[in-house]
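1. could you work out the structure for the sequence below:
(one chain, ligands or ions: 2)
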Amino acid sequence: MKLIESQWNELPGGRLLWLPNYFTSDQASDYHHQLLEQLAWRQDRIMMFGKKVAIPRLQAWYGDASYTYSKLKLEPLPWTSLLKTLRAHCERAADSRFNSVLANLYRDGQDSNGWHSDDEEELGINPVIASMSFGAERRFLLRHKMSSEKVEVNLTSGSLLIMAGETQHHWQHTIPKTKRFVEPRINLTFRKVLVP
Ligand SMILES: O=C(O)CCC(=O)C(=O)O
Ligand SMILES: [Mn+2]
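-> Residues are numbered from 1 along each chain as shown. Ligands and ions are numbered 1, 2, ... in the order given. Just a heads-up that it's a prediction; the model follows:
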């Protein structure tokens with residue numbers, strides 16, 4: 001299934017707002033370069049089958065609250081002025097507040113993000129997640145947990161995708177590897193971490 005742009009897509013057990021040209025390509029390219037330079041990119045490792053393995057992308061975590069992800073506790077860095085500007089865009093588009101952002105850097109087509117839901121306890125029930133993309137275009141797939149129905153989106157540079165409602169309960173998502181030659185891509189996922 002493909003999404004209809006610029007309106008809420010009501011899925012079985014979730015809702016998605018897809019804004020493919022939220023920024024112009026010049027603006028997106030400018031942000032891509034600034035984020036590449038400014039963010040404190042790091043190679044995190046997680047435990048898998050009793051072994052420490054490097055996750056297949058670089059990451060950085062900014063905001064007001066720490067976040068535990070695959071048993072990896074990320075301490076936040078303070079907001080940069082660019083991240084604050086981009087957060088304001090997401091808050092307006094999503095009509096929600098965000099206190100944190102996970103930044104992902106996919107260096108090439110071998111970098112990826114496996115099937116998962118953003119369903120960590122500290123995000124609460126029915127979290128709103130706003131996802132911005134800059135740089136190379138990558139395929140994003142969503143798969144319904146019960147029916148296996150798929151939604152496919154090409155995440156263009158300068159796009160904004162908002163996942164809301166029950167999406168994280170009923171759907172998983174992934175950025176698959178690709179054999180195509182692809183330039184680096186930066187993704188920012190704005191979230192609201194509930195601080196106890
Ligand atoms: O890179 C993307 O578009 C998705 C990132 C993602 O799903 C995540 O960080 O949880
Ligand atoms: Mn995710």
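2. up against ligand 1, what does the chain have?
-> Leu102, Asn104, Asn113, Asp118, Ser131, Phe140, Leu155, His173, Ile175, Asn187, Thr189 (Cβ under 6 Å from any ligand atom). Any C-beta I mention is one placed from the backbone N, CA and C, and that applies to glycine too.
3. what's the helix or strand for the last one?
-> Which is Thr189. In the assignment (DSSP states H and E), Thr189 maps to strand 185-191.
4. for whichever residue of the chain sits closest to ligand 1, list each beta-bridge partner.
-> Relative to ligand 1, the nearest point of the chain is Asn187 (3.3 Å; Cβ to the nearest ligand atom). Per DSSP bridges, the residues bridged to Asn187 are Asn104, Ser133.
5. where in this structure is the helix or strand with the lowest mean pLDDT?
-> None of the helices or strands of the chain scores lower by mean pLDDT, DSSP states H and E than strand 67-69, at a mean of 76.
6. give me the buried positions along whichever helix or strand comes after it.
-> Where DSSP H and E defines the elements, the next helix or strand beyond strand 67-69 is strand 72-74. Buried positions in strand 72-74, judged by neighbour count with 16 or more other Cβ atoms under 10 Å: Leu74.
7. cool, and stretch 57-77?
-> Arg57, Leu58, Gln59, Ala60, Trp61, Tyr62, Gly63, Ala65, Tyr67, Tyr69, Leu74, Pro76.
8. as PDB, could you dump the C-alpha coordinates of that stretch?
-> Extracted C-alpha coordinates of stretch 57-77, given in PDB (Å, rounded to 0.1, in the frame of the first residue of the first chain):
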ATOM      1  CA  ARG A  57      24.500   3.000  11.500                       C
ATOM      2  CA  LEU A  58      25.800   5.900  13.600                       C
ATOM      3  CA  GLN A  59      23.600   7.600  16.200                       C
ATOM      4  CA  ALA A  60      23.300  10.600  18.400                       C
ATOM      5  CA  TRP A  61      20.800  11.300  21.100                       C
ATOM      6  CA  TYR A  62      19.800  14.900  22.100                       C
ATOM      7  CA  GLY A  63      17.200  16.300  24.400                       C
ATOM      8  CA  ASP A  64      16.000  16.500  28.000                       C
ATOM      9  CA  ALA A  65      15.800  12.800  29.100                       C
ATOM     10  CA  SER A  66      17.900   9.700  28.900                       C
ATOM     11  CA  TYR A  67      16.600   6.800  26.800                       C
ATOM     12  CA  THR A  68      17.200   3.000  27.000                       C
ATOM     13  CA  TYR A  69      17.200   1.300  23.700                       C
ATOM     14  CA  SER A  70      18.100  -2.500  23.300                       C
ATOM     15  CA  LYS A  71      19.500  -2.200  26.900                       C
ATOM     16  CA  LEU A  72      21.700   0.600  25.700                       C
ATOM     17  CA  LYS A  73      21.300   3.700  27.900                       C
ATOM     18  CA  LEU A  74      21.800   6.900  25.900                       C
ATOM     19  CA  GLU A  75      22.500  10.000  27.900                       C
ATOM     20  CA  PRO A  76      21.200  13.100  26.100                       C
ATOM     21  CA  LEU A  77      23.300  15.900  24.700                       C
END
